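[1] I need the structure of the sequence given here:
(chains A and B)
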Amino acid sequence: MADTDRNQIEKLIDGDLTWDELRSDVLPDPKDEQRFEVTREILQERVEWDDPILVPLNDHLFAVAKNGDRIVKAECGHEFGPLEDNWKTECQVRVKESETDMRQLYPKWMTPDEDWGFQLREFFCPECYTLLDVDAVPAGYPVLKPFEPDVDVFYEEWLEQPAPDATP
Amino acid sequence: MSKPDQQLETDEVQYERVDPPIGWDGKTLHEMLEESDRHLEETDRYYGLDELGMKADRPFEYEQMFSQLRGALVSARETALHVSASPIVREIGELCFQVYTPEGDCIALSTGIIVHVHTGSLAIKYMIEEDYEHDRGIQPGDIFCNNDNDLGNVHTTDVHTIVPIFHDDELVAWVDGVTHQVDIGGMTRGHDQLASTTRYEDGLYATCEKIGENDELFQDWRDRAQRAVRTPMYWDLDEKCRLAGCHMIRNAVKSMIDDVGVETFKQFSREAVEEGRQTLHSRVKERLFPGTYRDSSFMPVPFGDEAWKPSSKQDMLNHLPVEVRVDADGGLTLDMEGASPPGPHAYNCAEGAMEGGLWVSLTQSLLHDGKVNDGSYFAVDTNYPEGSIVNPEDPSRSFHTSWGSLMPTYNAFWKNVSRAFFARGFREEVVTGYSETGDPLQGGGLYEPTDQYFPVAPFEHSCQGLGASAVRDGLDWGYAMWNPESDMGDVEEWELIEWGLPYLSRQVKPNTAGHGKYRGGSGWEGIRMVSNSSDVSLYKHVVPGVGFTTSGMAGGYPNSLNYSLRAHDTDLEDRFENEEPYPIGDSPPESFDEDIEGDVRRSQKGLYFPEEYENHDLVHYQMGGGPGYGDPLERSIELVVEDVEDGIYTPDIVEQVYGVVGEFDEDEREFTVDEDATEQRREELMETRREETRPYDEFYEDERERVVEGDVSDPAKWMYEGVFDQSADWGAFFREFWDVDDDFRFDQEE
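    Here you go, the predicted structure:
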């Protein structure tokens, strides 16, 4: 897949590629050099807002440029605040910790032992209530910021082009 | 006791002694290693190579040499594994060969258990640094052995045979073969012991030891090893397997040198390592997004009720944090600041083993084209904090089951790298992690018909569920992080050595796969019966049973947890006699009990220490699933239907988690979806999210209050206190995050 096949990347994003297509066209080396830009374009066309996407963070979250700042924004349009902050601190949170909680997900005997105090911390978008992440940690564990992208280095040094929010 | 029936004539192979220095151009090996290190330090390039001259000027010859070397390694492995009698080596392929530069840097490797590639490198460097060249002697025909984790190995039952390759009076390369032993001695039977707490209980150690000359093993070494292990025949044939492979590869290298000349071989070997380093750097820039990535894994050690030694009779939780930094130059850094201190258990992991885990992870995430070597190791900066569980720097610790730290750690590493793949658009390369291969079953006994000892060491745990990617489900029952060529092996093969423990079943274990838009790969379960045997002891070692080691990604959930199950004093003999049903699984949990009478024992813990078994006792074991990716409510209904019909999930679980409601005809294995009920159930689940969630700030305040009051589990307190002692930086991070006093400690609350 040395040349970027836009239709194939759309199917990749949607999870619609068959195993044969994945195995033969997408997984092997060399990878298509335009993957990032084409992916970014497709994602930008799919959201209903115009703030330029800088980098996708997961299926529903993006680092975007807005009014001279860089923020985290959800597909649904909800804004989570500055990119340098941890977007999880802006989520709606549900904690599963008891045996009863865990049994909503796993059968008897296949859940954590309550005495060990493990939590499933579910982080939801406050607007659309999509599940954005699940942390599995012992109670008392800090909430880690999973990813701090170095946007300027990526665009200016790696792609050798201005970031989408660069001043002309 | 161990002299071969037909001893080789000692004058069949005679080597003339080579006087030191044995390095290139009159240098000692120590001088070569110092020079290599200096070049790397000063230039960041292997041996300071500014350009790959041979690769550029004679690309065909260069590539041909790499292919020849790689081919010789793979060919030797495929041939040598038939010398072994152990199914672990012969059937599962727990064997790997690699060729190193004189300084101990891997040039090329075979297929197989490639986690060991960099560990062999460390053993060679130790011998160089300790000046074996002058003191112990490094001569043509010499044979060395290492399985000392502190100097270059993964865990105690991995054994390396290392042979120097000379051309004229110079050492031009080393070759190393490594196999996983059925048994290495130690305080209990098995190859991944639970009970060991110190080195003195781990079994046979060879510490970069010379074990032979003139291509023959010393008799005192053979005798010592045979008397130290419980399965001397497997030991003997595994050692012959490693040595045969090393000698095949030595011949191949000598043949290459005869063809191309020694100077060309030397240039090739250094360029190959530098190419590996450059390849990783370029791959990082090609596939990842610069920035900082953070994740953590946890290793529960539920020994409070289980352990034998007083010092380890406690429930412990180990912290395995992983921060990955991708810098502007394409450099990669792995930082484990905040890892727990070592402990009174067998999960201590030497730095070399951690580097082996990093190396094998890189080969499967960033460098999966087969042309990899130690150059990729040079391209990654690492911090395995000194004095921590991932770098104890204390050879007195037990390292018998270092996998207990190594495997959880790289789940966090894989998730970090996968976030980088996702950001860059390479969603197909995302992997949420894997189920860890805690050994399901180990032990041994006496088979009465032959009055011989049989080991129990099946490697079925090499077939777990792989985590989901960002575009598809994880691989079902077919993955292990340490050997990308996973194979559970045939039942018949295992029964050939595990005579007293025939199989009753293997089957899919429903609800083991982590939930998500793309689910993790599924696990499975098996049941075996003790038969015609005496003095049988078995133990089960599956992590985790009491808590998660890892999570999913992007809304995906971790895989379900393991448990232990066995039955003693059963009525199985009568059931066979009366042709009545017997257990072939435990799905749903507790269904096992319907077809057996006896003392059925379950535990949430996925492990138990060695227990005595009698004939017709049953043992159940379970392989885990992989973590999931994405919000489960986004999983397509069609895929959920397939899950139910394939036995991956049960209807009650898919209704609870995926909101898919329907009727399941088990006989026809047909799941018919009730579309209206499904739509209603999914709306209910969304409504529940709105009702049951609360803003982060409220969550934070409640959790902070718990921290301040010390209201966390005892194993978690053990973890936090240990980390506070181990890492001031992580302690400061913790205290700042929770906004507590700078001297906050949990033990002050008790």
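
[2] from here on, contacts and neighbour counts on C-alpha atoms
    Fine.

[3] in chain A, which ranges drop under the pLDDT threshold?
    A:1-4, A:168 (pLDDT under 70).

[4] Geometric centre of it: which residue is closest?
    A:Asn58 (1.0 Å; C-alpha atoms, centre = their mean).

[5] Distance of the residue nearest to B:His461 when sequence neighbours are not counted relative to B:Arg528?
    In this structure, B:His461 finds its nearest non-sequential neighbour in B:Thr437, 5.3 Å apart by C-alpha to C-alpha, 6 or more residues apart in numbering or on different chains. In this view, B:Thr437 and B:Arg528 are 19 Å apart by C-alpha to C-alpha, to the nearest Å.

[6] now B:Arg397
    Applying C-alpha to C-alpha, the value for B:Arg397 to B:Arg528 is 34 Å.

[7] Between those two, which has more neighbouring residues?
    B:Arg397 (27 against 21; other C-alpha atoms under 10 Å in any protein chain shown).

[8] and the more buried one, what does it touch?
    B:197-199, B:342, B:344, B:346, B:348 (C-alpha atoms under 8 Å, 6 or more residues apart in numbering or on different chains).

[9] now, the most widely separated pair of those residues?
    Farthest apart among the contacts of B:Arg397 by C-alpha to C-alpha are B:Arg199 and B:Pro342. That separation is 13.0 Å.

[10] Among those two, which residue is more densely surrounded?
    In this view B:Arg199 and B:Pro342 are compared by other C-alpha under 10 Å, and B:Pro342 has more residues nearby, 23 against 20.

[11] Give me the neighbour count for the nearest residue to the more buried one once chain neighbours are set aside.
    Closest residue in space to B:Pro342, ignoring its immediate chain neighbours: B:Ile389 at 4.0 Å, by C-alpha to C-alpha, 6+ apart. Number of residues near B:Ile389 (other C-alpha under 10 Å) recorded here: 27.

[12] Looking at chain A, what residue ends up closest to chain B?
    A:Asp133 (3.8 Å; C-alpha to the nearest C-alpha).

[13] My guess is that residue contacts B:Ser551. True?
    No - applying C-alpha atoms under 8 Å as the test, A:Asp133 and B:Ser551 come out as separate, 9.3 Å apart.

[14] of these two, who's got more company?
    The neighbour count for A:Asp133 versus B:Ser551, taken as other C-alpha under 10 Å, is higher for B:Ser551 (31 against 25).

[15] pretty sure that one is touching B:Tyr557, no?
    Yes - with contact defined as C-alpha under 8 Å, B:Ser551 counts as touching B:Tyr557 (5.9 Å).

[16] Overlap in contacts, the two.
    A:134, B:627.

[17] my guess is B:Glu286 is in a helix, correct?
    Yes - read with DSSP: H, G, I helix; E, B strand; the rest coil, B:Glu286 is one of the residues of a helix.

[18] if I look at it, how far off is chain A?
    Note on B:Glu286: its distance to chain A, by C-alpha to the nearest C-alpha, to the nearest Å, is 8 Å.

[19] Just the pLDDT for that residue.
    pLDDT, B:Glu286: 94.

[20] do the same with B:Gln14
    On the pLDDT scale, B:Gln14 is placed at 80.

[21] Leaving out sequence neighbours, find the closest residue to it.
    B:Asn214 is the one closest to B:Gln14 (C-alpha to C-alpha, 6+ apart), at 6.2 Å.

[22] Do I have it right that that neighbour meets B:Glu16?
    No - contact criterion C-alpha under 8 Å: B:Asn214 and B:Glu16 do not qualify, at 9.6 Å.

[23] Which residues are in contact with each of these two?
    B:Pro140.

[24] who's more crowded, those two?
    Neighbour count, other C-alpha under 10 Å: between B:Asn214 and B:Glu16, B:Asn214 has more, with 18 against 10.

[25] count of residues packed around residue 24?
    Let's take chain A. By other C-alpha under 10 Å, the residues close to A:Ser24 number 11.

[26] Chain B was what I was after
    Using other C-alpha under 10 Å, the number of residues around B:Trp24 comes to 16.

[27] Contact partners for the nearest residue to it once chain neighbours are set aside?
    Using C-alpha to C-alpha, 6+ apart and skipping the chain neighbours, the partner closest in space to B:Trp24 is B:Glu170 (6.0 Å). Going by C-alpha under 8 Å, 6+ apart, B:Glu170 touches B:22-24.

[28] next one: B:Gly357
    Here B:Gly357 is in contact with B:115, B:406-407, B:410, B:482 (C-alpha under 8 Å, 6+ apart).

[29] Show me which of those has the smallest pLDDT value.
    Lowest confidence among the contacts of B:Gly357: B:Val115, with 81.

[30] does the residue lying closest to B:Glu612 once chain neighbours are set aside have beta-bridge partners, and which?
    Leaving aside its sequence neighbours, B:Glu612 sits nearest to B:Ser537 (C-alpha to C-alpha, 6+ apart; 4.4 Å). As for beta bridges, B:Ser537 partners with B:Gly444, B:Glu612 under DSSP bridges.

[31] isn't B:Ser537 right up against B:Pro610?
    Yes - between B:Ser537 and B:Pro610 there is a contact under C-alpha under 8 Å: 5.7 Å.

[32] The stretch 601-750 of chain B: strands as residue ranges?
    In the stretch 601-750 of chain B, the strands defined using DSSP state E, counting those that start in this stretch lie at B:607-613, B:618-623, B:662-665, B:670-673, B:694-695.

[33] neighbouring strands for the third one, and are they parallel or not?
    Meaning strand B:662-665. Here strand B:662-665 is paired, per DSSP bridges, with strand B:670-673 (antiparallel).

[34] any residues touching the strand it pairs with, and which ones?
    Here strand B:670-673 has contacts from B:641, B:644-645, B:660-665, using C-alpha under 8 Å, 6+ apart.

[35] tell me which of these is nearest to chain A?
    Nearest member of the contacts of strand B:670-673 to chain A, counting by C-alpha to the nearest C-alpha, is B:Val660, at 13.7 Å.
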